[in-house]
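Peer 1: here is my input, please return the structure:
(one chain, ligands or ions: 3)
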Amino acid sequence: MRAGRAAALVALLAAGALLAPALGVEPPALLRELSRRLRDVRRLAAGAGAGRRGARGAAGALGCGDLRRAAAGPELGAGLTKAVRRAELPGGRALALKAVHGAAGGDVSRCVRRHRAPAACRRLAAYKLLKELVLLRRLRHPGVVQLYGQCYDNSAHPDIRVTAMLELGSPLEMIQLLQTTWEERFKVCLSLVKLLFYLAHSPLGSIVLLDFQPRQFVMVDGNLKVTDLDDASTEELSCKDDNDCMLDFPTKSFILKCSAAGKCEGINEKKNLFNAYRYFFTYLLPYTAPPGLQPFLSDILNATGDLRYGINETLRAFEKVLHLYKTGIYLQKRPPLLQEYISLQGFRTRETQDYKCWPSYSHLGCLLSVHNAEEAAGICNSQPQCQSFIVTQQRTWTGRPLAAFRSHLPDLIPDANAAIYIKRSASSREKL
Ligand SMILES: Nc1ncnc2c1ncn2[C@@H]1O[C@H](COP(=O)(O)OP(=O)(O)OP(=O)(O)O)[C@@H](O)[C@H]1O
Ligand SMILES: *[C@@H]1O[C@H](CO)[C@@H](O)[C@H](O)[C@H]1NC(C)=O
Ligand SMILES: *[C@@H]1O[C@H](CO)[C@@H](O)[C@H](O)[C@H]1NC(C)=O
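Peer 2: Ligands and ions are numbered 1, 2, ... in the order given. Okay, the predicted model is just below:
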């Protein structure tokens, strides 16, 4: 059935009716734009690998029937061209539906005001979504929102209604992200770097996200995923000499090399990388990072901010930081502190409300990720309220345990796998 699905799109694109005939007399500029977009979609849809890539997604893919049976939920977000709603399939599976939206102020209404050609303007917007669908189908990666299926409906000729059925995410809230732990923010940056690595070496060539903004991404399980691909491009700038290879940002410009083949070398990759630096790394990477990792993070910021690193080196640098963090190597050269604590093996405490710390993994009290009890002892020492802590069985995405810090000694519960650490000074005060 996979061939059928791919064929359906190609047939839809090939339907001569897609262009002028059905639309009557249109402004030439709009027609040119329409055919340019159509060519773009066809080019991306065609070519080796298109069917093969689609195959995996097509197994059990959703279609128009599922769309009709889905219960629509609230709107999740909207941009200039598209609106996204939550929906639920009869079985309870939740997903996101993306379609062109006609609301005032959007792309379509601006086009209509300008060209007075509503059908053609709606079609232009539909082509944007079609392009996105083609790209989502061919670019399968954990950093690309997953396409569950699609529905093309051209029964309302000359309109084609296109709906994408997508993995459900939540809009990226930068302010919220800034309030999470460094470990979570690092995860977001790492998932972005892995995505950019994939885009730089994608089956379609090196892909640039022309409109690179936090609102083009959503979060799924703490991972960043790109959802807006209608402004992605595979074309690399042509050049005669290096001066043609200018990469311009509001705060900075770079001149890249013009290759012997007459292409600006790595311009797509570098444009993505600098955008990642200015929109994500500068905000998310440095704050409250473990001191032992600061030099490595400063190096990443400096190297991406000056485009000294390409995406390969950037990914390597991120993986090195992850390694240092996971292995606890960054903690070396610290005086032992755990000896200031009495350990009670075989006990844990009830989870009760206690003092807060920032940024805690729990709103009930101070719950932080640690490498081991030794690091937890250092944290407890640095917090005046802290009298005891336990290292829990809960793990973060890097595999580190969470430690709960306490201002008093709550009831002890026997638990063979747990241990409580109590400050010696505290235990003598409480006459334990
Ligand atoms: N899979 C998803 N799950 C949840 N929300 C989503 C999903 N996809 C998109 N959104 C939300 O919908 C908004 C609009 O989607 P999208 O960016 O594709 O539309 P657009 O019209 O191209 O936007 P823009 O004008 O910013 O380019 C996004 O900013 C995002 O917040
Ligand atoms: C990188 O470091 C150099 C040398 O310290 C400095 O001149 C430059 O401004 C830094 N660049 C960025 C983007 O931080
Ligand atoms: C980057 O890594 C990719 C994939 O491993 C490889 O094909 C490419 O040659 C590397 N590029 C550079 C500049 O090292």
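
Peer 1: near ligand 3, anything from the helix or strand that contains Leu273?
Peer 2: Following DSSP states H and E, one finds Leu273 within helix 267-276. No. Applying C-beta under 6 Å from any ligand atom, one finds helix 267-276 out of contact with ligand 3, separated by at least 9.0 Å. Just so you know, the C-beta spots here come from the backbone N, C-alpha and C atoms, and that holds for glycine as well.

Peer 1: what packs against that helix?
Peer 2: Contacts defined by 3 or more C-beta pairs under 8 Å, 6 or more residues apart in numbering; DSSP states H and E place helix 267-276 against helix 182-200, strand 208-209, strand 246-248, helix 294-305, helix 311-327.

Peer 1: give me that answer again for 6 Å
Peer 2: helix 182-200, strand 208-209 (3 or more C-beta pairs under 6 Å, 6 or more residues apart in numbering; DSSP states H and E).

Peer 1: other SSEs contacting the shortest one?
Peer 2: Using 3+ C-beta pairs under 6 Å, 6+ apart as the contact criterion, the elements in contact with strand 208-209 are helix 267-276.

Peer 1: let's see 7 Å
Peer 2: strand 232-233, helix 267-276 (3 or more C-beta pairs under 7 Å, 6 or more residues apart in numbering; DSSP states H and E).

Peer 1: now the next helix or strand after the longest one: buried residues?
Peer 2: Along the chain past helix 267-276, the next helix or strand (assigned with DSSP H and E) turns out to be helix 282-284. When neighbours are counted by 16 or more other C-beta atoms under 10 Å, the buried residues of helix 282-284 are found to be Leu284.

Peer 1: lowest average pLDDT across the helices and strands packed on strand 208-209?
Peer 2: Note on the helices and strands packed on strand 208-209: strand 232-233 shows the lowest mean pLDDT, a mean of 94.

Peer 1: is that strand positioned near ligand 1?
Peer 2: No. Residues of strand 232-233 contacting ligand 1 under C-beta under 6 Å from any ligand atom: none, with a closest distance of 11.0 Å.

Peer 1: of the helices and strands packed on strand 208-209, which is nearest ligand 2?
Peer 2: Closest to ligand 2 of the helices and strands packed on strand 208-209, according to C-beta to the nearest ligand atom: helix 267-276, at 9.9 Å.

Peer 1: please compute how far that closest one lies from its chain's middle.
Peer 2: 16 Å (C-alpha atoms, centre = their mean, to the nearest Å).

Peer 1: looking at the stretch 151-300 of the chain, which residue is nearest ligand 3?
Peer 2: Counting by C-beta to the nearest ligand atom, the stretch 151-300 of the chain gets nearest to ligand 3 through His201 (5.1 Å).

Peer 1: distance of that residue relative to Ile160?
Peer 2: 33 Å (C-beta to C-beta, to the nearest Å).

Peer 1: more neighbours, those two?
Peer 2: Ile160 (21 against 13; other C-beta atoms under 10 Å).

Peer 1: backbone dihedrals for the nearest residue to His371 once chain neighbours are set aside, please?
Peer 2: Closest residue to His371 apart from its sequence neighbours, by C-beta to C-beta, 6 or more residues apart in numbering: Gly328 at 3.8 Å. With angles defined as degrees, to the nearest 10, Gly328 sits at phi 80, psi 10.

Peer 1: give me the three-state assignment for Asp415.
Peer 2: strand (DSSP: H, G, I helix; E, B strand; the rest coil).

Peer 1: for Thr251, same thing?
Peer 2: Under three-state DSSP, Thr251 falls in the coil class.

Peer 1: where along the stretch 51-200 of the chain do the strands fall?
Peer 2: All strands of the stretch 51-200 of the chain, identified by DSSP state E, counting those that start in this stretch, fall at 71-78, 82-88, 94-100, 147-153, 161-166, 170-171.
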